[in-house]
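>>> This is a predicted model, with the sequence first.
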There are 2 protein chains.
Amino acid sequence: MIRHVNFQMIFLALILLVGSASTALGQKNEQPNVLVIFVDDLGWQDLSEPFYKEKTPLNRRFHTPNLELLAKESVKFTDAYATPVCTPSRVSFLTGMNAARHRVTLWTHPEANNPTDNPDELLDPPAWNINGLSAEEDIPFTYYATPLPEILKNHGYYTIHIGKAHWGAAGTPGASPMNLGFMVNVAGHSAGHPQSYYGEANYGNFPTRATYQAVPDLMEYHGTPTFLTSALTKEAIKALREPLKRKEPFFMHFSNYAVHVPIQADPRFVDKYLADGLDSLEAGYASLVEGYDDSIGELVSFLKQEGVYDNTVIVFVSDNGGLSLAPQRSGESHTQNLPLNVGKGSVYEGGIRVPLLIKKAKGEGRSTIDAPVIMEDLFPTILELTNTPAGQLAQKQVDGKSLLPLLNNKVDESWNNRPLVWHIPNKWILEDGPGINFYSAVRQGDYKLIYDMKGSKVHLYNLKKDIGERYDLAGKENSKTKAMSTLLSKSLKQYQAQMPTYKDSKKLVPYPDELAR
Amino acid sequence: MIRHVNFQMIFLALILLVGSASTALGQKNEQPNVLVIFVDDLGWQDLSEPFYKEKTPLNRRFHTPNLELLAKESVKFTDAYATPVCTPSRVSFLTGMNAARHRVTLWTHPEANNPTDNPDELLDPPAWNINGLSAEEDIPFTYYATPLPEILKNHGYYTIHIGKAHWGAAGTPGASPMNLGFMVNVAGHSAGHPQSYYGEANYGNFPTRATYQAVPDLMEYHGTPTFLTSALTKEAIKALREPLKRKEPFFMHFSNYAVHVPIQADPRFVDKYLADGLDSLEAGYASLVEGYDDSIGELVSFLKQEGVYDNTVIVFVSDNGGLSLAPQRSGESHTQNLPLNVGKGSVYEGGIRVPLLIKKAKGEGRSTIDAPVIMEDLFPTILELTNTPAGQLAQKQVDGKSLLPLLNNKVDESWNNRPLVWHIPNKWILEDGPGINFYSAVRQGDYKLIYDMKGSKVHLYNLKKDIGERYDLAGKENSKTKAMSTLLSKSLKQYQAQMPTYKDSKKLVPYPDELAR
């Protein structure tokens, strides 16, 4: 009898032992760490690593050796897209939704209930979600969703945000990354750029001189020559020590403020660009880029030194295209992202095409994917890479598609057939520019249709032949134009996209396939 | 043979199973949660719970029902002491050291390398640690120590700071609670009081109007009618959910900005005090106190609701005595802490005697201890209550003594015999007051000796007979005066206390036992 009981206990003990051992063992492989390097305003060409079919003059201008090393172990997406400005992209990343659906279609003001649209003589923007993202219900003018870090945190991830947040306006919960599922927040708040990159200038924190953009949290570097990029990197490494010590998987959103304006030279790197003959503005910009690259080097070194590099997914992406406005940038406006046309704020390629690298936990050597992918795809991709079930989500729908097949080099036609959509029923800057202010667009395969709401016309481009979007095919390829107009209209309706209204008639702007009628 | 192997495995499995079960079980009891409620500038009398032998008019003025409930399950220390101003107390708490030894003897400026002493016509302060505490070595003018939360974190505690920090100046690591062992920091930085308590005023965060004191991190409450005390309480509860979910013990330093100046009425509570006939200033102060009490109620309710109240040590303490300066407070200066003399900044009882409650994890009903205890005692007390070995510490010595015997009602004479020492070789405010600016003091048993460095004289009081320190016995009890002078001198030397210098002669101020020579 005693013998019998013992055997039962022993059996139970063995089950428990084996069970717990396999869990402990399994966790390491099944829950890789995730480091997302989310750059601000970095153009598709602003790296020494080429994302185009050939090296361009811009690729030769910039020096990003650490990114080149990372690319050797990553899948490089040549046709990756963000939205034209920051907050919409950031919200799409955290929710898996297209911006037309979450309706945070423009950048959010630092304080609640302040639309950031400029006045327009013809159109009024719709009542978009001017307060950004919220993980709490019933917050006015926010999109209520379950953010990626919250899901990951609930599945055992130690979640860290470093740098620029800009997901929601002050006065609403989304202003704080802590309310979006991050356990640790360093320097993230409701503003979208730094008042100053200089530690000597306290990153803007001077009594009575600080603006909304004074960077929070970095007091220890005040009055020291620590460039913002460097301070955030130090903070990132410091924060990573805790999950590593705990042997918990981490999700770090490393979102340095660089390379957003104000363009202030990173003194560690600017000299070589001046020596190369760049003017001080462009040399400053290049130094911001290289400073970011240096951060990547520091983070990778740290992960290697801690022995977790081979168990860490790394995603490198920008939130929109490079700024192409003079005099904030040198040269003629909209030439800063060549061969792409225009830049930040525009639905032309210069505003939306971004560099994207994904290193799987165990890097498998360089490969290149030219299937078109978009910001919201990162949400299901990271969930799948981390074996995290999405569970019950507050968002109506996840629009993104997991990139895992592409990461495993399984590319089929469905990737080329799906439409990627951009929708900006807003007035970003006062002076309209190409693809800037009140535009929608759709890409399917090689073709891209752009809808100019104010001009009541569409443009069609073949990106394979004309990446610079110089040759409008709208008057030439009529059936394609019509098909793409129909596709964009259908997509916008599916997303329940908000249309602007005419100031005079108060009527809604028509969908592109209604233009001819 | 197979059978034999199985038995070995089974035996091993059983050992492991039993081992892990007992650890899991043991952890709950051996590592209780710790909630430290660290109030700012709250006087010993500013509660409806009496800490004196009788209820006083002040006890009747204030309404702190939640604290009264907490006191019913706590050990109440009637003779607990802090230092006369905030940063020294805060550093003593985190290090276990007397302020004379850690040399952060005055409050630290928001920015590094700014002594906060006022000019004095007779004396110059020594080179004290004007930049505060640091957990990193070789930071100029800081005391390098291993802070309590770092030790607890390294032993599995989830460490959270909420509210006022003020341990170190910006430009040094101690400015950020994250560098002192806290995993989470909400609203703590290098400043010592809030610019505004009002959410409607963004707690001070207005572009170009913010001072050093604009409260960081609480953006979600900007523009809302959320009083600072309430915002911090919400943040505290939010932050506590994470360790509870993880089933990890927590250490929370809940250090609300209240009840420090600026005295701004807490609209939730001010009306009854106005109705009681208090002027708007004193009604405002009382409302700040009751707002704090409300926070305690909220926190206790939450802990009960989560089922962890009986496994949570609660410490309630103030960082110094109540402010007794008019016109910041109403009435005649130095009468605000009756029956105690003077207030904040002074080595008289009004400046240093503070309310202290300690509820053991499982509260055991009210008891009262009148043995004199001091801020630095909390460091070893919390380590002992949490069964945490101090390990290798950077600080030269822990001066505090664990209060565990007192919590277990084991009081012996050693508690009355040990000298408690205060040392402020600094000029806190421009106008000298009783016990304010360049004073030392020692208490042993019923006696207290005060050393007035500028006046080159000592005062002796018998606290048992004269808690108000009105009857100077220095000219009457000569041998006691001499013995206490010797004791203070000896203690200061042991602590390697820094003495001020005479402006003219550059000579050090003598120790009190050298006065007569």
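All right, it came through fine. Numbering: from 1, shown residues only, chains lettered A, B, ... in the order given.
>>> burial count for the residue lying closest to A:Leu404 once chain neighbours are set aside?
For A:Leu404, ignoring the flanking residues on the chain, the nearest one in space by Cβ to Cβ, 6 or more residues apart in numbering or on different chains is A:Glu384 at 5.0 Å. Yep, even glycine has a C-beta here, placed from its N, CA and C like the rest. A:Glu384 is flanked by 16 other residues according to other Cβ atoms under 10 Å in any protein chain shown.
>>> Provide the secondary structure category for A:Glu384.
Following DSSP: H, G, I helix; E, B strand; the rest coil, we place A:Glu384 in the helix state.
>>> what's the closest non-adjacent residue to the residue most central in space within chain A?
Nearest to the mean C-alpha position of chain A, by Cα atoms, centre = their mean, lies A:Asp319 at 3.5 Å. Nearest residue to A:Asp319 in three dimensions, chain neighbours excluded: A:Ser89, at 4.2 Å (Cβ to Cβ, 6+ apart).
>>> Restricting to C-alpha, output the one helix or strand that neighbour maps to in CSV.
For A:Ser89, the enclosing helix or strand under DSSP states H and E is helix A:86-95. Taking Å, rounded to 0.1, in the frame of the first residue of the first chain, the C-alpha atoms of helix A:86-95 are listed here in CSV:
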residue,chain,number,x,y,z
CYS,A,86,5.3,59.8,-37.7
THR,A,87,2.3,59.2,-35.4
PRO,A,88,0.2,57.3,-37.9
SER,A,89,3.1,54.9,-38.5
ARG,A,90,3.8,54.5,-34.8
VAL,A,91,0.1,53.7,-34.2
SER,A,92,0.0,51.2,-37.1
PHE,A,93,3.1,49.5,-35.6
LEU,A,94,1.6,49.1,-32.2
THR,A,95,-1.9,48.0,-33.4
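>>> Not counting it itself, show me its contacts.
A:36, A:38, A:40-41, A:82-83, A:97-99, A:102, A:104-108, A:132-133, A:143, A:145-149, A:165-167, A:180, A:192, A:319-320, A:374-376, A:378-379, A:395, A:398, A:400 (Cβ atoms under 8 Å, 6 or more residues apart in numbering or on different chains).
>>> ok, 7 Å please
A:40, A:82-83, A:98-99, A:102, A:104-105, A:107-108, A:132-133, A:143, A:145, A:147-148, A:166-167, A:180, A:192, A:319-320, A:375-376, A:378-379, A:395 (Cβ atoms under 7 Å, 6 or more residues apart in numbering or on different chains).
>>> Pull out the buried positions in the next helix or strand after it.
Per DSSP H and E, helix A:86-95 leads on to helix A:99-102 as the next helix or strand towards the C-terminus. Neighbour counts using 16 or more other Cβ atoms under 10 Å in any protein chain shown place A:99-102 of helix A:99-102 among the buried residues.
>>> Adding pLDDT and distance to chain B as columns, could you present the residues you listed in JSON lines?
Below are the buried residues of helix A:99-102 laid out as JSON lines (pLDDT from 0 to 100; distance: Cβ to the nearest Cβ, whole Å):
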{"residue": "A:Ala99", "pLDDT": "98", "distance to chain B": "23"}
{"residue": "A:Ala100", "pLDDT": "98", "distance to chain B": "26"}
{"residue": "A:Arg101", "pLDDT": "98", "distance to chain B": "24"}
{"residue": "A:His102", "pLDDT": "98", "distance to chain B": "19"}
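>>> CSV for these, including distance to B:Leu340?
Listed next are the buried residues of helix A:99-102 as CSV, based on distance: Cβ to Cβ, whole Å:
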residue, distance to B:Leu340
A:Ala99, 62
A:Ala100, 66
A:Arg101, 64
A:His102, 59
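>>> SS state for the nearest residue to A:Thr229 once chain neighbours are set aside?
The spatial neighbour of A:Thr229 that comes closest, neighbours along the chain excluded (Cβ to Cβ, 6+ apart), is A:Gly291 at 4.1 Å. Following three-state DSSP, A:Gly291 is assigned to helix.
>>> Equivalent analysis for A:Pro115, please.
A:Pro115 is classified as coil under three-state DSSP.
>>> ranges for the strands of the stretch 151-300 of chain A?
A:158-163, A:184-186, A:250-255 (DSSP state E, counting those that start in this stretch).
>>> Buried deepest among those, which one?
Of the strands of the stretch 151-300 of chain A, the one with the most neighbours on average (mean count of other Cβ atoms under 10 Å in any protein chain shown) is strand A:158-163, at a mean of 28.
>>> Partner strands of that one, with direction?
If you go by DSSP bridges, strand A:158-163 pairs up with strand A:184-186 (parallel), strand A:250-255 (parallel).
>>> So which of the contacts of helix A:86-95 are in strands?
Among these, the residues falling in strands (DSSP state E) are A:133, A:143.
>>> So which of the contacts of helix A:86-95 belong to helices?
The helices, defined by DSSP state H, take in A:99, A:102, A:148, A:378-379 from these.
>>> For the residue nearest to A:Thr229, grab the count of nearby residues.
24.
>>> again with A:Gly363
For A:Gly363, the neighbour count with other Cβ under 10 Å is 18.
>>> pLDDT at it, what is it?
On the pLDDT scale, A:Gly363 is placed at 84.
>>> Who are the contact partners of it?
Per Cβ under 7 Å, 6+ apart, neighbours of A:Gly363: A:73-74.
>>> and what of the one 5 residues further on?
Contact analysis of A:Thr368 by Cβ under 7 Å, 6+ apart lists A:76, A:78.
>>> Pairing partners for the helix or strand containing it, with directions?
Using DSSP H and E, A:Thr368 falls within strand A:367-369. Next to strand A:367-369 in the sheet, as set by DSSP bridges, lie strand A:75-81 (parallel).
>>> Outside of the partner strand itself, list whatever touches it.
A:51, A:317, A:352-354, A:356-358, A:366-375, A:406-407, A:420.
>>> What's the mean pLDDT across it?
98.
>>> hey, C-alpha coordinates of it in PDB?
This file holds the C-alpha atoms of strand A:75-81, laid out as PDB (Å, rounded to 0.1, in the frame of the first residue of the first chain):
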ATOM      1  CA  VAL A  75      16.300  39.900 -44.500                       C
ATOM      2  CA  LYS A  76      16.400  43.200 -46.300                       C
ATOM      3  CA  PHE A  77      13.000  44.600 -47.600                       C
ATOM      4  CA  THR A  78      13.600  46.900 -50.500                       C
ATOM      5  CA  ASP A  79       9.900  47.800 -50.900                       C
ATOM      6  CA  ALA A  80       8.900  48.400 -47.300                       C
ATOM      7  CA  TYR A  81       6.500  51.200 -46.500                       C
END
